[in-house]
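J.: Let's see this in three dimensions:
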Amino acid sequence: MAEWKNEAEARTQIKEMIAQYYRDFTASDKPYAEGDYIPYARRVFDEKEMCALTDAVLDFWLTTGRFTAQFEREFAEFLGVKFAHLVNSGSSANLLAFMALTSPLLGKRSIRRGDEVITVACGFPTTVAPILQFGAVPVFVDVTVPQYNIDVTKLESALSPCTKAVMLAHTLGNPFDLRTVRDFCRQHELWLIEDNCDALGSQYTIDGKTAYTGTWGDIGTSSFYPPHHMTMGEGGCVYTDNPLLSKILLSLRDWGRDCVCPSGHDNLCGRRFSGTFGQLPQGYDHKYVYSHLGYNLKATDMQAAIGCEQLKKLPDFILRRQQNRNRLYRLLEPYQDRLILPEPEPDSSPSWFGFLISVKPESGISRNRVTGYLESHGIQTRLLFSGNLTLHPCFDSIRGTDCYRVAGSLEQTDFVMRQAFWVGVYPGMTDEMTDYIAKTLIEAISINS
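T.: Numbers count the residues shown, from 1 in each chain. Predicted coordinates:
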């Protein structure tokens, strides 16, 4: 048994052993060989994340703590926002972002049941779920191809006296037309929520100012699920520059409480037993005063510790994703008679989550046969999430009701549902893997032509 002089020495030696474990048993020096399985995404990490996780485990604080505070501070600095709050998933971040806009603290701008929120049906369901679950009305607008984002020419036709907000995702890392959407929201005094879960690190430029997606609207959200741009295993974040929204988000995340003392701290304001709240007795313990009907959506300090190390790698991750996308594009560009390749939104620099391809109907090629061929050759594929969310079983009980509204047609949304799929560009992919994806895809469209 090792004999340690103090805790610091013990931690150092334990982490050195963890690092050695990684090098001996986790790190792989096996080179890629053609035909090896290529997932659409995979976590990329090294001994630093494992040592950080060990550090948090040795603290055994378990809930939010020092690593959470560190991550929230550093993540806010990376994005250039004032407030960032760590949560247990990107879907929870979307839930908090929407529910924050229902707070009575927002007065007449508060979203109420029956109010409308403009969004798209072509995306991930948890961008839309909070709207329906609250009792507001999502108004679905069509998308454009090959950007796969909201068709901004349809925004005015989606507007009604009941419209209170716009809630949209940046599809697979490709920013939507933020200039037009932001101007539309400002003109009509609407909230803007950016679901940034698939676009962490994407940038957009308006009038000479370049900033990260997720920071142009009122609230942005991120996900740290393993396939995403950085990971904590599970985890997400919600962020804003608005102090009032930050206060509401924190309250909703932490049971709906009014007190802002972090976990493990009491009475930082010095007035814990002297306030008057609602119809409670004067001096009621502020730690148990609830200004919202909230949740417990906190992440753990173990997750945050991993995130602190992943954040250091994020710039390199983003660069590699861009390189992989560009390489795939060059290799597939000669086949645009049969394929529609993804194009970045003007004035944007995407941090690509995936490489989205549509098979041209006039080519006579079956999308499903192409994806089946890729899968049978060890290349994982994905569709663009729900395709058209309104056609899924979760809409069976509300289809044809006034629980949602479609502004115009969803023609392009249905096109994406039938013709589109995507493959990975995650930072662990090598040039050889990218080349094999392109080679196999070319084979697939040639065989099925």
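
J.: hey, let's count contacts and neighbours off CA atoms from now on
T.: Noted.

J.: ranges for the strands of the stretch 301-449 of the chain?
T.: Along the stretch 301-449 of the chain, counting by DSSP state E, counting those that start in this stretch, strands occupy 339-340, 348-349, 354-359, 405-406, 420-424.

J.: between these, which gets nearest to Ser91?
T.: Judged by Cα to Cα, the one of the strands of the stretch 301-449 of the chain that comes nearest to Ser91 is strand 354-359, at 19.1 Å.

J.: Now for the nearest residue to Leu356 once chain neighbours are set aside, how many residues are close by?
T.: The spatial neighbour of Leu356 that comes closest, neighbours along the chain excluded (Cα to Cα, 6 or more residues apart in numbering), is Trp422 at 4.2 Å. For Trp422, the neighbour count with other Cα atoms under 10 Å is 20.

J.: before we move on, what about Ile18?
T.: 18.

J.: Now do the longest helix seen in the chain against strand 420-424, angle only.
T.: Ranked by residue count and defined by DSSP state H, the top helix of the chain is helix 301-332. Counting by axes from the mean of the first three to the mean of the last three Cα atoms, to 10 degrees, helix 301-332 lies at 110 degrees to strand 420-424.

J.: can you give me the offset of helix 301-332 from its chain's centre?
T.: Here helix 301-332 is found 14 Å from its chain centre; the criterion is Cα atoms, centre = their mean, to the nearest Å.

J.: Which positions within it qualify as buried?
T.: Residues of helix 301-332 classed as buried: 301-311, 314, 317-318, 320-325, 327-329, 332 (neighbour count, 16 or more other Cα atoms under 10 Å).

J.: can you list contacts of stretch 144-156?
T.: Residues outside stretch 144-156 that contact it (Cα atoms under 8 Å, 6 or more residues apart in numbering): 119-120, 141-143, 168-171, 174-177, 180-181, 184, 340-345, 407-408, 412.

J.: about what we covered before: elements contacting the longest helix of the chain?
T.: Helices and strands touching helix 301-332, by 3 or more Cα pairs under 8 Å, 6 or more residues apart in numbering; DSSP states H and E, are helix 47-59, helix 66-79, helix 431-447.

J.: relative orientation of the helix or strand following the second one and helix 66-79 in degrees?
T.: Right, helix 66-79. Going down the chain from helix 66-79, the next helix or strand is strand 83-87, by DSSP states H and E. Computed by the same axes, to 10 degrees, the angle separating strand 83-87 from helix 66-79 equals 130 degrees.

J.: which residues are in contact with strand 83-87?
T.: Around strand 83-87, the neighbours that count as contacts under Cα under 8 Å, 6+ apart are 68, 72-73, 75-76, 93, 235-243, 246, 249-250, 253, 297-299.

J.: CA-only coordinates of it, as PDB, when you get a sec.
T.: This file holds the C-alpha atoms of strand 83-87, laid out as PDB (Å, rounded to 0.1, in the frame of the first residue of the first chain):
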ATOM      1  CA  PHE A  83     -24.400  34.300 -17.600                       C
ATOM      2  CA  ALA A  84     -24.100  30.600 -18.200                       C
ATOM      3  CA  HIS A  85     -26.000  28.000 -16.100                       C
ATOM      4  CA  LEU A  86     -25.000  24.300 -16.300                       C
ATOM      5  CA  VAL A  87     -27.900  21.800 -16.600                       C
END
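
J.: Pairing partners for it, with directions?
T.: strand 236-240 (antiparallel) (DSSP bridges).

J.: Kindly provide the whole-number mean pLDDT of the strand it pairs with.
T.: Mean pLDDT, strand 236-240: 98.

J.: How far off centre is that strand?
T.: Strand 236-240 has its C-alpha centroid displaced from the chain centroid by 10 Å (Cα atoms, centre = their mean).

J.: re the thing from before, from the contacts of stretch 144-156, list the buried ones, please.
T.: Among the contacts of stretch 144-156, those classed as buried by 16+ other Cα under 10 Å are 119-120, 141-143, 168-171, 174-177, 181, 184, 340-342, 344-345, 407, 412.
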